[in-house]
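Trainee: Got a sequence here, can you build the structure:
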Amino acid sequence: MFLSTVLARNPALVEAAAALHDRGAIPPDTYVLDLDAVEENAALLAAGAERLGLALWCVVKQVGRNPELIRAVARHLPRFAAIDAPEARALLAAGASLGNLGHLSQIPRRALPELLARRPSAVTVFDLDNARAVAAAARQLGFVQDVLIRLEGAPADGHPGQEGGVPLTGLDTFATAVEATPGVRIAGVTAFPCVRCDPATA
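Mentor: Below is the predicted model of the structure:
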């Protein structure tokens, strides 16, 4: 999917991957990573974020359960966005910390005590039942958990299986209900994907 970019930026990686495949050392459909480049990019991102006063949460997506990749990034960017509970567990097992938990799917109620105990910076909530479940688990653990409200995207903007969230028209009502729920604090809003921008109002 990104072959032309990799060929332009890191042709040696493509040559090494092709050689490994030719020798039968790796099967087809295998990710080949340049960990030195990954770590160098993580260091550059961390330095830029520090200069600008930003906190970054790394999203590793398709390769997110590779412990060597996680460790290479975490040396510079320790907090990650875990899209679901299995990825959160893989990140934690490799020594990373949780930035955002549940960005693309709600964390199952039974997994909340285990994962909230690892003190994520924020948990994404999709609806009031989800927010109340996070609040109950946080209260049981003795702290207030920051949450991000997941906004519902327009039907044409989403990806199949990644729908859900609070309609923008219902945000005020939803936020009022969450603010009245002990155990959680609204830290902001989030969405996926965030692809549209009106140049006239931006």
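Trainee: got the residue ranges for the strands in the chain?
Mentor: Counting by DSSP state E, the chain has strands at residues 79-82, 97-101, 122-125, 145-150, 184-190.
Trainee: TSV for those, including mean neighbour count and distance to V59?
Mentor: C-beta: built from backbone N, CA, C; applies to glycine. Output for the strands of the chain, formatted as TSV (neighbours: other Cβ atoms under 10 Å; distance: least, Cβ to Cβ, whole Å):
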stretch	mean neighbour count	distance to V59
strand 79-82	26	5
strand 97-101	23	9
strand 122-125	27	13
strand 145-150	22	14
strand 184-190	16	12
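Trainee: Of all the ones you listed, which one comes closest to R51?
Mentor: Using Cβ to Cβ as the measure, strand 79-82 is the one of the strands of the chain that comes nearest R51, at 17.7 Å.
Trainee: Can I get that closest one in PDB, CA atoms only?
Mentor: Output in PDB follows, covering the C-alpha atoms of strand 79-82 (Å, rounded to 0.1, in the frame of the first residue of the first chain):
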ATOM      1  CA  ARG A  79       2.100   6.400  25.700                       C
ATOM      2  CA  PHE A  80       0.100   4.700  23.000                       C
ATOM      3  CA  ALA A  81      -3.500   4.800  21.800                       C
ATOM      4  CA  ALA A  82      -4.900   1.300  22.100                       C
END
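Trainee: For that strand, name the packing helices and strands.
Mentor: With contacts taken as 3 or more Cβ pairs under 8 Å, 6 or more residues apart in numbering; DSSP states H and E, strand 79-82 sits against helix 67-74, helix 85-93, strand 97-101.
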